[in-house]
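S.K.: would you be able to build a 3D model of this:
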Amino acid sequence: MTHADWLLTTGERGNTATRLDRRRPHGEAWSEGNEARPLIHGAAYFAELLAAVRAMRAGDLLLFTDWRGDPDERLDGAGTEIGAVLCGAAERGVIVKGLLWRSHLDNLHFSEEENRHLGAEIEQAGGECLLDMRVRPGGSHHQKLVVLRHPGRPERDVAYVGGIDLCHNRNDDATHRGDRQSAPLAPEYGPHPPWHDVQLALRGPAVGDVEAVFRERWEDPAPLSRSPLARLRSLAHGDDPDAGELPPQAADPAPCGTHTVQVLRTYPNRLLGGYPFAPDGERSIARAYLKALRRARALIYLEDQYLWSPRVIASFAEALRRHPRLLLLAVIPSVPEQNGRLTRPMNLIGRITALDELRRAGGDRVAVYSLENHGGDLVYVHAKVCVIDDVWASVGSDNINLRSWTHDSELSCAVLDRSADTRRPHDPGGLGDGARPFARELRLALMREHLDAEDTGTRSPDALCDPAVAFGAFEEAARTLDAWHEGGCRGPRPPGRLRRYAPPELSRTQRALATPLHHVLVDPDGRPLRLRRRNAF
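M.R.: Okay, the predicted model is just below:
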């Protein structure tokens, strides 16, 4: 196996304007010698982030981007509010720079005021935090990254990339009892929605790549918003309109592990002037999936907040049609986050049509599940994870939909492990690639949690290495738990948290109304017209 079998080459990224690949001496589109660790659940991520930020000192550099930031969100108990922690770092002389999506109005169920409050607190403490609306109309900055650099102590350098925002709802753990600091979702999730999510901790040269992503956005000379009304509101609130100077980027941290990491992005074809670092947009997340899916032979394992859009799902369906033994397992939320009479069908229609397409292609080789905790409460799946044949793994902010692949800003990391996994089957895909420890253990860690595999003793956790065994274990656990519920929950609750997902039926009227709104509002297309016509990325 070579890196180019699975990862995008520089030319395949489709964006020659970025310095992301040019910054390496030989122009490689990935960095080698990294350590990538999955942090499953917000509680694990927040506790590690808190300790890392508290250990920073004057002259260190803290960079972050976020979709939403709640200044009062506690990282690990009272006194650890994210606003206070970031402000404390700035007051100690840490150089703190942040980019928050400016967001739409709160009365449209977005987070303009929360993001403004966090930004204002950081500015008052001596840091700098910009409210960034340099997006396509109707779009958002959805990247979630934190970079910590330590001049003179590069062994401490770390970057965090994934699906977890610094905001309410995210501080949950494996028990999935929910974050006590909660924002409302659909009522089926209760007052404290249980939340399932994943973040990556990166050490090694990839830290420099993630920092370069931040710097490209920070140095964009375009105004933070092109809306005259938004500019007037920003002026009235005293928002910082200009990006201050960053210190020169330090050399990348030294190699420290066996993981090759490729940083992938989505930027839209921004109207009325593109990004200087992506004038035609960038769709390397989509391109990376398309390339990896061409090598899928045994198992595609997905955890995704949305899993919709037939134009995106077509690539998964094509892989299933081409390879008759390929299995697809997906874990998604049971119901959409929005509950309105119009907004729920708008969200559901994309998923219904996408799952129909997958099942036409793969039949009973496609299985989709939702999660509940041990109390029977629905778990909101916010993770964005894909593992293919225990070789290629991706964790990021991007969902499986057209919005994430073309329209909003997104950030993801694909990981290939140089080491070979010694457990059987040694080569699930049969292409000579061999299973790799990072991808396999990420999949197993997630599956074990959903199956309660550590608690049952009925099956060796390593038996799940076999794709067919893993597929069957999910099916058996969900069937047993579904039957227990259907029988009135009598007797001990069976182990596991999996429920078979069955999309609801929508009436003809609901479909007719929801379909155009889904395409325009929920899942818009940010590609240039020439690519839309060919459904190319």
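S.K.: count the residues that sit near A512.
M.R.: A count of nearby residues for A512, using other Cβ atoms under 10 Å, gives 11. Bear in mind the C-beta positions are built from the backbone N, C-alpha and C, glycine included.
S.K.: any idea how far it is from H518?
M.R.: For A512, the distance to H518 equals 11 Å [Cβ to Cβ, to the nearest Å].
S.K.: could you do L446 as well?
M.R.: As for L446, its distance to H518 is 28 Å (criterion: Cβ to Cβ).
S.K.: now the end-to-end length of stretch 170-179.
M.R.: Taking Cα to Cα, to the nearest Å as the measure, stretch 170-179 stretches 6 Å from start to finish.
S.K.: please identify the buried residues of it?
M.R.: Of the residues in stretch 170-179, those buried by neighbour count under the rule 16 or more other Cβ atoms under 10 Å are R170, N171, D172, D173, H176, R177, G178, D179.
S.K.: L446 and H518: which has the busier surroundings?
M.R.: Neighbours of L446 and H518, each counted by other Cβ under 10 Å, are more numerous for H518; the result is 23 against 20.
S.K.: pull the contacting residues for that one.
M.R.: Contacts of H518 were listed using Cβ atoms under 8 Å, 6 or more residues apart in numbering, and they are M346, N347, I349, G350.
S.K.: over to R170?
M.R.: With Cβ under 8 Å, 6+ apart as the criterion, the residues that contact R170 are G42, F46, E73, I164, D179, W195, D197, H382.
S.K.: from those, list just the buried residues.
M.R.: Among those, the ones that count as buried (16+ other Cβ under 10 Å) are G42, F46, E73, I164, D179, W195, D197, H382.
S.K.: quick check: closest non-adjacent residue to the second one.
M.R.: What sits nearest to F46 in space, not counting adjacent residues and going by Cβ to Cβ, 6 or more residues apart in numbering, is L75, at 4.1 Å.
S.K.: quick check: that neighbour vs L320, distance?
M.R.: L75 sits 41 Å away from L320 when distances are taken as Cβ to Cβ.
S.K.: same check, this time on W392
M.R.: To L320, W392 is 17 Å away according to Cβ to Cβ.
S.K.: now, which of the buried ones among the contacts of R170 lie within strands?
M.R.: With DSSP state E as the criterion, strands contain W195 from among the buried ones among the contacts of R170.
S.K.: what ranges do the helices span in the stretch 51-200 of the chain?
M.R.: Assigned by DSSP state H, counting those that start in this stretch, the stretch 51-200 of the chain shows helices spanning 82-91, 112-124.
S.K.: between the ones you listed, which gets the lowest average pLDDT?
M.R.: Mean pLDDT is lowest for helix 112-124 out of the helices of the stretch 51-200 of the chain, coming in at a mean of 84.
S.K.: buried stuff in that helix?
M.R.: For helix 112-124, the neighbour count (16+ other Cβ under 10 Å) marks E112, E114, N115, R116, H117, L118, G119, A120, E121, I122, E123 as buried.
S.K.: how about stretch 335-343?
M.R.: Buried residues in stretch 335-343, defined by neighbour count with 16+ other Cβ under 10 Å: V335, P336, E337, T343.
S.K.: low-scoring stretches of the stretch 201-350 of the chain, by residue?
M.R.: 227-238, 240 (pLDDT under 70).
S.K.: try 80
M.R.: Confidence mapping of the stretch 201-350 of the chain against pLDDT under 80 gives the ranges 226-241.
S.K.: just after whichever helix or strand I352 is part of, pick out the following helix or strand.
M.R.: I352 is part of helix 343-362 when elements are defined by DSSP states H and E. Using DSSP H and E, the helix or strand that follows helix 343-362 towards the C-terminus is strand 366-372.
S.K.: report the distance from stretch 519-528 to the chain centre.
M.R.: Relative to its parent chain, stretch 519-528 has a centroid offset of 19 Å by Cα atoms, centre = their mean, to the nearest Å.
S.K.: and that stretch, end to end?
M.R.: When the termini of stretch 519-528 are compared using Cα to Cα, they are 16 Å apart.
S.K.: mind listing what's buried in it?
M.R.: Here stretch 519-528 shows H519, V522, D523, P524, D525, G526, R527 as buried, counting by 16+ other Cβ under 10 Å.
S.K.: compare W392 and L320 and say which is more crowded by neighbours.
M.R.: Set side by side, W392 and L320 show more neighbours around W392, with 28 against 23, by other Cβ under 10 Å.
S.K.: these two touch, right, the more buried one and D417?
M.R.: No - in this structure, W392 sits apart from D417 without contact. The criterion is Cβ atoms under 8 Å, and the distance is 9.9 Å.
S.K.: what's the overlap in contacts for the two?
M.R.: Once Cβ under 8 Å, 6+ apart is applied, the residues that W392 and D417 both contact turn out to be A439.
S.K.: what number of residues lie near G79?
M.R.: Applying other Cβ under 10 Å, we find 9 other residues in the vicinity of G79.
S.K.: where's it relative to R54, distance?
M.R.: Counting by Cβ to Cβ, the separation of G79 from R54 is 11 Å.
S.K.: quick check, V385 in contact with L302.
M.R.: Yes - the pair V385 and L302 passes the contact test of Cβ under 8 Å, sitting 7.0 Å apart.
S.K.: between those two, which is the more surrounded one?
M.R.: V385 (25 against 20).
S.K.: distance check, that one against Y301.
M.R.: As defined by Cβ to Cβ, V385 lies at a distance of 8 Å from Y301.
S.K.: could I get the buried residues of helix 112-124 as CSV with distance to E155?
M.R.: Below are these laid out as CSV (distance: Cβ to Cβ, whole Å):
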residue, distance to E155
E112, 39
E114, 35
N115, 33
R116, 36
H117, 35
L118, 30
G119, 31
A120, 34
E121, 30
I122, 27
E123, 31
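S.K.: nearest to S397 among the residues you listed?
M.R.: Using Cβ to Cβ, N115 is the member of the buried residues of helix 112-124 that sits closest to S397, with 15.9 Å.
S.K.: the closest one contacts S103, doesn't it?
M.R.: Yes - in terms of Cβ under 8 Å, N115 counts as a neighbour of S103; the distance is 5.3 Å.
S.K.: can you work out which residues contact both of these two?
M.R.: The overlap between the contact sets of N115 and S103 (Cβ under 8 Å, 6+ apart) consists of R68, L131.
S.K.: which residues does the residue nearest to the spatial centre of the chain contact?
M.R.: Central residue of the chain (Cα atoms, centre = their mean): S397, 2.5 Å from the mean position. Listed by Cβ under 8 Å, 6+ apart, the contact partners of S397 are W67, H142, Q143, K144, V161, G162, G163, K384, S404, E410, L411, S412.
S.K.: could the residues you listed go into TSV alongside distance to P437 and pLDDT?
M.R.: Compiled in TSV, those are given as follows (distance: Cβ to Cβ, whole Å; pLDDT from 0 to 100):
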residue	distance to P437	pLDDT
W67	31	96
H142	29	97
Q143	27	98
K144	25	98
V161	20	98
G162	19	98
G163	22	98
K384	21	98
S404	28	98
E410	26	98
L411	24	98
S412	20	98
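S.K.: list the ones among the buried residues of stretch 335-343 that fall in helices.
M.R.: Secondary-structure check on those using DSSP state H: residues within helices are T343.
S.K.: out of the buried residues of stretch 335-343, who's nearest E454?
M.R.: Distance ranking of the buried residues of stretch 335-343 against E454, using Cβ to Cβ, places V335 first at 28.1 Å.
S.K.: ok, now which ones touch the closest one?
M.R.: For V335, the residues meeting the contact criterion (Cβ under 8 Å, 6+ apart) are A186, E188, Y189, R344, L378.
S.K.: weed out the non-buried ones from those residues.
M.R.: Neighbour-count burial within the contacts of V335 applies to A186, Y189, R344, L378; the criterion is 16+ other Cβ under 10 Å.
S.K.: and L416, what are its bridge partners?
M.R.: On the basis of DSSP bridges, L416 takes part in beta bridges with T260.
S.K.: that one reaches H259, doesn't it?
M.R.: Yes - contact status for L416 versus H259: in contact at 7.2 Å, counting by Cβ under 8 Å.
S.K.: between V385 and Y301, which contacts overlap?
M.R.: Common contacts of V385 and Y301, defined by Cβ under 8 Å, 6+ apart, comprise L446.
S.K.: thanks a lot, see you next time.
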